[in-house]
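[1] with the input below, show me the fold.
(one chain, ligands or ions: 1)
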Amino acid sequence: MIKVSNLTVNRGNKNIISQFDYFFLDGQFTSILGPNGSGKTTLLKAISGLIPYSGSVQVIERELQDINIAKRAEYMAVLPQTTHIESDLTVYEIVSMGRFYKKQQIFQNLSKDDEVIITEAMEMTEVIKLKQRSFLSLSGGEKQRVLLARALAQQPKILLLDEPTASLDINYQIEILKLLKKLQSKMKITIICVLHDIQLAAEFSGQVLLLNDGKVVDFGKPEQVINKENIRRTFNINTYVYWDSFREKLTLIPIDKEEASDKFLGKIHIIAGGGSAGNILEVLQHKKSELSMGVINIGDSDWHKCKELGIKTITVQPYTPITDDAYKQNVQQISAADFVIFCHTPIGNGNLKNLEALKLANEKGKTIIIVEGEQFTKRDFTDGRQGSKIYEELTKSENVYKVKNVNEMFNLLEVD
Ligand SMILES: Nc1ncnc2c1ncn2[C@@H]1O[C@H](COP(=O)(O)OP(=O)(O)OP(=O)(O)O)[C@@H](O)[C@H]1O
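    Numbers count the residues shown, from 1 in each chain. Here you go, the predicted model:
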């Protein structure tokens, strides 16, 4: 555990961190989030023992300042935001440095075990193929991964990282965060990581610490800490924050002031079921629109959501097929709508009439947005061939737009 008590850090004449108290529990992955200049790097440097501070930082139940550098390196590896390596060393040599804290002389006395550890670190960060390249010739993202490999070669129990994804493309950002999560979950390494991407922090870390002006705004599990109010207090920005049930991820959409304008999106009819519309309803509720849903079974989770949000529904009783009357009402509602959103839900004989209503709407030239969801391929039409045939025809129509999730749908609505 890293126990930080009453930590105060001054830089120049300025107080950056004041009276910070926090326990970083063993084996947890904590992300530190906050606006530029909020003190994240300063906090991380203090916890790494790289800058002077007052108060206390205890690692392995000892005061950090009393632990000598070699001993610290046995426990702790640090990946700083910027590293000034000017010497023309190879990638292999840089990563090997992770083993030298135990040696008297660098580049000598590497054991077979050291070699194995170095190779593993290079493999984990996918820099093994760059092994003989000059570090200085690498791209920013490649350098970042090599430095992470060097930190891993230390085999630390605590890994402190300052924006490790900063110069990485989105694939490597995800790869590195996956790797960190694996190190935490499989090897029980304590990870403290400054990040800028709130969504990635929510996805990969177990704890989030929100910092503003050198003070803790909130900390805890991502789903508790990352909410509209905390994000506004910390970053001074309005957002939609919701759980995307298709992607099974906490999702955050920033709203700039222009976007929050009073533009009326129109009358929107939604066909959904089994929770496939949950977040869409919430997001659309923030916009000016007139929503309706049908045909939906009473008791379905989307029906509950509509009740909660006061959205008009066309219903049938639980576990009963769509009646002719409900079908007619649905067709009427669709005719009155400016466009229809179909949140893909398994189609069986009981709700095939919803697809037929969509088919009719399409024939009348109505705009239809199909939100397939990431899980679409796993879902099926259980009515035999008819549902999938209608669906296939629909997707060929020029009035039908297919999107994967609410974000894509939202972009589409904004464009339109
Ligand atoms: N050596 C220093 N001397 C004076 N001021 C400093 C020093 N180091 C940092 N600061 C100031 O402390 C504040 C916090 O800086 P810090 O780098 O910790 O912020 P940060 O949250 O990591 O920002 P960013 O997201 O931009 O990296 C900033 O206003 C910065 O200018």
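
[2] contacts only, for residue 217.
    Residues near residue 217 by Cβ atoms under 8 Å, 6 or more residues apart in numbering: 34, 210-211, 230, 233-234. Backbone N, C-alpha and C define where each C-beta goes, glycine included.

[3] could you list which of these belong to strands?
    Among the contacts of residue 217, the members found in strands (DSSP state E) are 210-211.

[4] ok, the contacts of residue 217 vs residue 270, which is closest?
    Nearest to residue 270, judged by Cβ to Cβ, of these is residue 230 at 29.7 Å.

[5] which residues touch that closest one?
    Contacts of residue 230 by Cβ under 8 Å, 6+ apart are 210, 217-218.

[6] before we move on, back to that, so can I have CSV of the contacts of residue 217 showing distance to residue 86?
    What follows is the contacts of residue 217, written out as CSV (distance: Cβ to Cβ, whole Å):
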residue, distance to residue 86
34, 31
210, 36
211, 32
230, 41
233, 42
234, 37
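
[7] mind giving me the PyMOL select for the contacts of residue 217, buried ones only?
    Selection of buried members from the contacts of residue 217 for PyMOL, criterion 16 or more other Cβ atoms under 10 Å:
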select buried, resi 34+210+211+230+234
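
[8] what is the lowest-pLDDT residue among the contacts of residue 217?
    By pLDDT, residue 233 ranks lowest within the contacts of residue 217, coming in at 89.

[9] hang on, residue 76 packs against residue 158?
    Yes - using Cβ atoms under 8 Å, residue 76 makes contact with residue 158 at a distance of 4.5 Å.

[10] what touches both of those two?
    residue 59.

[11] more neighbours, those two?
    When residue 76 and residue 158 are compared for neighbours, residue 76 comes out ahead with 24 against 21, by other Cβ atoms under 10 Å.

[12] how close does that one get to the ligand?
    Noted for residue 76: a distance of 19 Å to the ligand, by Cβ to the nearest ligand atom, to the nearest Å.

[13] could you do residue 191 as well?
    17 Å.

[14] for the nearest residue to that residue once chain neighbours are set aside, what are its contacts?
    With Cβ to Cβ, 6 or more residues apart in numbering as the criterion, residue 191 has its nearest non-adjacent residue at 4.4 Å, and that residue is residue 29. Going by Cβ under 8 Å, 6+ apart, residue 29 touches 180-181, 184, 191, 193, 204-207.

[15] which among these gets closest to residue 274?
    Closest to residue 274, out of all of the contacts of residue 29 and judged by Cβ to Cβ, is residue 204, at 27.8 Å.

[16] enumerate every residue touching that closest one.
    Shown in contact with residue 204 (Cβ under 8 Å, 6+ apart): 29, 31, 177-178, 180-181.

[17] can you tell me the SS state at the closest residue to the ligand within the stretch 301-416 of the chain?
    Proximity to the ligand, evaluated over the stretch 301-416 of the chain using Cβ to the nearest ligand atom, is greatest for residue 407 at 24.9 Å. Secondary structure, DSSP: H, G, I helix; E, B strand; the rest coil: residue 407 is helix.

[18] now do residue 267
    Applying three-state DSSP: residue 267 is strand.

[19] could you do residue 58 as well?
    Residue 58 - assigned by three-state DSSP - is strand.

[20] ok, now residue 30?
    Applying three-state DSSP: residue 30 is strand.

[21] residues contacting the closest residue to it other than its chain neighbours?
    Among residues not flanking residue 30 along the chain, residue 207 sits closest, at 4.2 Å (Cβ to Cβ, 6+ apart). Contact analysis of residue 207 by Cβ under 8 Å, 6+ apart lists 28-31, 219-222.

[22] what subset of those is buried?
    In these, the ones that pass as buried (16+ other Cβ under 10 Å) are 28-31, 219, 222.

[23] show the pLDDT at the residue nearest to residue 30.
    Listed pLDDT for residue 207 reads 95.

[24] for the ligand, see how far away it is.
    18 Å.

[25] sorry, back to before: from the buried ones among the contacts of residue 207, pick the one nearest residue 399.
    Residue 399 has its nearest neighbour among the buried ones among the contacts of residue 207 in residue 222, at 38.9 Å by Cβ to Cβ.

[26] for the closest one, phi and psi?
    Per-residue torsions, residue 222: phi -50, psi -40 (degrees, to the nearest 10).

[27] if I pick the nearest residue to it once chain neighbours are set aside, what's in contact with it?
    Among residues not flanking residue 222 along the chain, residue 202 sits closest, at 3.9 Å (Cβ to Cβ, 6+ apart). Going by Cβ under 8 Å, 6+ apart, residue 202 touches 208, 222-223, 226, 249-250, 252.

[28] okay, these in a markdown table with secondary structure and distance to residue 94 next?
    Shown next, in a markdown table, are these (DSSP: H, G, I helix; E, B strand; the rest coil; distance: Cβ to Cβ, whole Å):
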| residue | secondary structure | distance to residue 94 |
| --- | --- | --- |
| 208 | strand | 31 |
| 222 | helix | 33 |
| 223 | helix | 38 |
| 226 | coil | 35 |
| 249 | strand | 35 |
| 250 | strand | 36 |
| 252 | strand | 36 |
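
[29] closest one to the ligand out of these, please.
    Looking across these and measuring by Cβ to the nearest ligand atom, the closest to the ligand is residue 208, at 14.7 Å.

[30] isn't that closest one right next to residue 34, touching?
    No - Residue 208 lies out of contact with residue 34 (Cβ under 8 Å); the separation is 10.4 Å.

[31] related to what we said a few turns ago, the contacts of residue 202: which two are farthest apart?
    Taking Cβ to Cβ, no two of the contacts of residue 202 sit farther apart than 208 and 249, at 14.4 Å.

[32] how about the residues of this structure by the ligand?
    For the chain, the residues in contact with the ligand (Cβ under 6 Å from any ligand atom) are 11-12, 14, 16, 34, 36-42.

[33] what two of the residues you listed are the furthest from one another?
    Every pair of these checked by Cβ to Cβ; the farthest is 12 and 34, at 19.9 Å.

[34] show me where the stretch 101-250 of the chain has strands.
    If DSSP state E, counting those that start in this stretch is used as the criterion, the strands of the stretch 101-250 of the chain fall at 158-162, 190-194, 207-212, 215-220, 238-244, 249-255.

[35] could you dump those strands to TSV with distance to residue 303?
    Shown next, in TSV, are the strands of the stretch 101-250 of the chain (distance: least, Cβ to Cβ, whole Å):
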stretch	distance to residue 303
strand 158-162	45
strand 190-194	41
strand 207-212	33
strand 215-220	32
strand 238-244	18
strand 249-255	23
